[in-house]
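Colleague: When you get a sec, could you give me coordinates for this:
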Amino acid sequence: MGKLIWLTVSLGILSACDPTDHGGITPVASYRITPESGKTTDTFRFDASLTKPGARSNKVYYRWDWNRDGIWDDEYSRLSVIGYRFYRKGTYNPVLEVINSDGLRDTISLQLTVSQGYSAPHPAFTINPETGNLKTRFLFDASGSKDDEDSISQLRFMWDFTGNGSWDTPLSANNTASNYYQDTGKFEVALEAVDPQNMRRTVIGRVWVTNINSRLVADFYWTPEYGTTTTEFILNASASHNLDDSQALLRYSWKLPPEYNWTEWTFEPDTSILFEREAPYDLELRVMDTASLVNYCKKTIRIYHQNLPPNPKFLIGCRRGNIRTQFFFNSWPTLDPESLPTTLEVRWDFNGDEKWDTEYSKERTIYHNYPESGTYKVYMEARDPEGLSDTTAQFVEVSPWTNETGLIYDQRDGQYYGTVKIGEQWWMSQNLNFAPYDPNKDVVEKLCYWGGKWCDVMGGLYNCYHATREDFYGEVRGICPSGWHIPSRKELESLVNTVGGWDQADKLLPGGPTDFNALYAGYGEKTSHGLSFSWINYATYFWSFNKMSDPYAPNSWNLTLIKGEKKFYPGWSDMKYYYSVRCVKNDE
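Modeller: Numbers count the residues shown, from 1 in each chain. Okay, here's the model as predicted:
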């Protein structure tokens, strides 16, 4: 009885013909044993590398008969060194046979004495089940243990069920054991096997003890099945039950948003919840039986989008006009998160009398004329296809004058500007508020006091370099829309003369007979301390494109109006200052 330690190499070239026909040379088998004698616990090394192959190819193959019983214990192999262990004491004469590539053979046998040796057992065990709970009886079976010299009936066993280094059972011939655990956790289980020579060996296994009862079914549902952030959901765990006792009394606990902390245990199977966001949420339930064992259930609920009313917005072509003006209203900025803009409907109340002047319509732009002067609050209501609606309002001012007015649309940035004819000139009736879409391609800097909403009312402030685009000759378009340009000194002086002279500045103010609607926008400048604004609501300054002829005086002519004074103030200002811009129409 023994054990072979080797690597098999297939032999596929041996000839069945008579080797002497080819002039072959017989190999000379030889091997040595290390150690020359030993015990049943030793692995002996058999080294046949001194064998002389005799073959022309110098290849030789080996096989062994360890007990000399006439039965070869292995196939031919090219492995010249091999290990073998004899498990019974005695005198052995292992036989080596060698064969070369010519098919010639030789054998040799040496004597080996093996005395009795003893080794420690090889303990092994199974755990059934490997995972359980506090009520589980875990079974440990070491019947698969072995010993090289002794039978399993001669072995003794003892167990440490928790891996704390203290044996929980005495040495016993019984190779099985069982245990109930008092705590949850992952435990190392140690088995020690001892043979009659008191040689011993320990092996470790692992068991996982939880408080989970797989026979306890945790389950829940919610009503309504679908909802939004305004829906109160009822979670109901009454479907939970114990497979071994359908009448068992259960307790419930929930892990729910937003905190996701387990609630206190309760005998009530249902609870309610509202969700803050439109998103999927994980909901978790745990159920406990009377033995304090639990099981879990996790589900995901999706909170859907709540249909919201449209966000109503509208543009006014010009907030100031007169009793001849056709005021333009554009509701296309109205958006709805659930609906396409073309599916929305709007209606209008032009004078704020709480009576709608139009029916709902998908026409998104409309004109309206006011036959009487005054300030009117204009309401617009937008409605989506589901019938949800919302309202917004803005003011318009209507003067009693009858100047010819108009409206232009600046395609560069989508702005509308009112216009008015004063004498033979067409002027914008509000300050320019242009800003390029791409500042990297069109360097025009606009200053706004208190941010963009201030500019929506008062217009932007620009230095003369940007306003004119550094063009000071001929008809200077500058930053004005197509067909319009920065006024010259002569054009501004013509405006003054048309309204009655240099002491008639009040005629350009809002409500004045010209409908020019000059606003006291002040001016801005850049200093070493940052942006600075002055004369806000007390004065206004309008650039012309006329520059001083002195190249060392970077000044441009401007027209100033001061609050409380009827006089116009013409003058020259450093072009670095940021003033208002009024555009005048090109001659046709």
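
Colleague: For the longest helix along the chain, name the packing helices and strands.
Modeller: Counting residues, the longest helix found in the chain (DSSP state H) is helix 489-499. Helices and strands touching helix 489-499, as assessed by 3 or more Cβ pairs under 8 Å, 6 or more residues apart in numbering; DSSP states H and E, comprise strand 415-422, strand 425-428, strand 539-547, strand 555-562, strand 568-574. Where C-beta positions appear, they are placed from N, C-alpha and C, glycine not excepted.

Colleague: which residues touch the first one?
Modeller: So the one you mean is strand 415-422. For strand 415-422, contacts defined as Cβ atoms under 8 Å, 6 or more residues apart in numbering pick out 315-321, 325, 328, 330, 403-410, 426-430, 432-434, 481, 495, 498-499, 514-517, 583, 585.

Colleague: Would you confirm that Val114 contacts Tyr87?
Modeller: No: in this structure, Val114 is not within contact of Tyr87 by Cβ atoms under 8 Å, at 9.0 Å.

Colleague: Number of residues surrounding Ile366?
Modeller: The tally of other residues near Ile366 (other Cβ atoms under 10 Å) stands at 19.

Colleague: So for the one helix or strand it maps to, what gets flagged as buried?
Modeller: Under the criterion of DSSP states H and E, Ile366 resides in strand 365-369. Buried positions in strand 365-369, judged by neighbour count with 16 or more other Cβ atoms under 10 Å: 366, 368.

Colleague: Determine how far the last residue of stretch 153-166 lies from the first.
Modeller: In stretch 153-166, first residue to last residue: 25 Å (Cα to Cα, to the nearest Å).

Colleague: pLDDT on that stretch, on average?
Modeller: Averaged over stretch 153-166, pLDDT sits at 96.

Colleague: Sort out which residues of that stretch are buried, please.
Modeller: The neighbour-count check on stretch 153-166 (16+ other Cβ under 10 Å) flags 155-162 as buried.

Colleague: and which of those is nearest to Thr358?
Modeller: Taking Cβ to Cβ as the measure, Thr358 lies nearest Thr162 of the buried residues of stretch 153-166, at 84.1 Å.

Colleague: element containing the closest residue to that closest one other than its chain neighbours?
Modeller: Taking Cβ to Cβ, 6 or more residues apart in numbering, and ignoring the residues beside it in sequence, Thr162 has Phe187 as its nearest neighbour in space, at 5.1 Å. For Phe187, the host element (DSSP H and E) is strand 185-194.

Colleague: Contacts for that strand, please.
Modeller: Strand 185-194 has contacts (Cβ under 8 Å, 6+ apart) with 120-123, 125, 127, 140, 142, 145, 147, 155-163, 167, 171, 181, 200-209.

Colleague: And for stretch 253-270?
Modeller: 220, 234-238, 240, 249-252, 271, 273, 275-276, 281, 283-286, 288.

Colleague: one more time with 7 Å
Modeller: Outside stretch 253-270, the residues that touch it by Cβ atoms under 7 Å, 6 or more residues apart in numbering are 234-238, 251-252, 271, 273, 275-276, 281, 283-286, 288.

Colleague: Also stretch 373-389?
Modeller: Contact with stretch 373-389 is made by 307-310, 312, 314, 323, 329, 331, 334, 336, 338-339, 343-352, 360, 370, 390-400, as judged by Cβ under 7 Å, 6+ apart.

Colleague: Swap in 6 Å and give it another go.
Modeller: Under the criterion Cβ atoms under 6 Å, 6 or more residues apart in numbering, residues 307, 309-310, 312, 314, 331, 334, 336, 339, 343-352, 360, 391-400 lie in contact with stretch 373-389.

Colleague: before we move on, what about stretch 327-334?
Modeller: Applying Cβ under 6 Å, 6+ apart, the external contacts of stretch 327-334 come out as 310, 312-315, 317, 321, 346, 364-368, 380, 382, 396, 407.

Colleague: Just the CA atoms from that stretch would do, formatted as PDB, please.
Modeller: The C-alpha coordinates for stretch 327-334 follow below in PDB (Å, rounded to 0.1, in the frame of the first residue of the first chain):
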ATOM      1  CA  PHE A 327     -49.500  97.800 -28.100                       C
ATOM      2  CA  PHE A 328     -47.900  94.500 -29.000                       C
ATOM      3  CA  PHE A 329     -48.100  91.500 -26.500                       C
ATOM      4  CA  ASN A 330     -46.200  88.300 -27.100                       C
ATOM      5  CA  SER A 331     -46.900  85.200 -24.900                       C
ATOM      6  CA  TRP A 332     -44.500  82.800 -26.500                       C
ATOM      7  CA  PRO A 333     -42.100  83.000 -23.500                       C
ATOM      8  CA  THR A 334     -44.800  81.000 -21.600                       C
END
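
Colleague: roughly how far is it from the heart of the chain?
Modeller: Per Cα atoms, centre = their mean, to the nearest Å, the displacement of stretch 327-334 from the mean C-alpha position of its chain is 38 Å.

Colleague: Could I get the average pLDDT for it?
Modeller: For stretch 327-334, the mean pLDDT works out to 97.

Colleague: buried set for that stretch?
Modeller: The neighbour-count check on stretch 327-334 (16+ other Cβ under 10 Å) flags 327-331, 334 as buried.

Colleague: Surely Gly512 is within a strand?
Modeller: No: counting by DSSP: H, G, I helix; E, B strand; the rest coil, Gly512 is not part of a strand but coil.

Colleague: domains for the chain, by residue range?
Modeller: Split into domains by automatic domain parsing, the chain comes to 2-115, 126-210, 216-302, 315-402, 407-585.

Colleague: By mean pLDDT, show me the worst of those domains.
Modeller: Ranked by mean pLDDT, the domains of the chain end with domain 2-115 at the bottom, a mean of 83.

Colleague: Now do that one: distance to the chain's middle.
Modeller: 67 Å.

Colleague: same question, stretch 367-387
Modeller: With Cα atoms, centre = their mean as the basis, stretch 367-387 stands 44 Å off its chain's centre.

Colleague: Any buried residues in that stretch, and which?
Modeller: Across stretch 367-387, burial judged by 16+ other Cβ under 10 Å covers 368, 370, 376, 378-384.

Colleague: quick revisit: output the longest helix of the chain as CSV - backbone C-alpha positions only.
Modeller: Extracted in CSV, the C-alpha atoms of helix 489-499 (Å, rounded to 0.1, in the frame of the first residue of the first chain):
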residue,chain,number,x,y,z
ARG,A,489,-24.7,116.0,-32.6
LYS,A,490,-26.7,117.7,-35.4
GLU,A,491,-29.5,115.2,-35.0
LEU,A,492,-29.7,115.6,-31.3
GLU,A,493,-29.7,119.4,-31.7
SER,A,494,-32.5,119.0,-34.3
LEU,A,495,-34.5,117.1,-31.7
VAL,A,496,-34.0,119.9,-29.2
ASN,A,497,-35.2,122.5,-31.8
THR,A,498,-38.2,120.4,-32.7
VAL,A,499,-39.5,120.3,-29.1
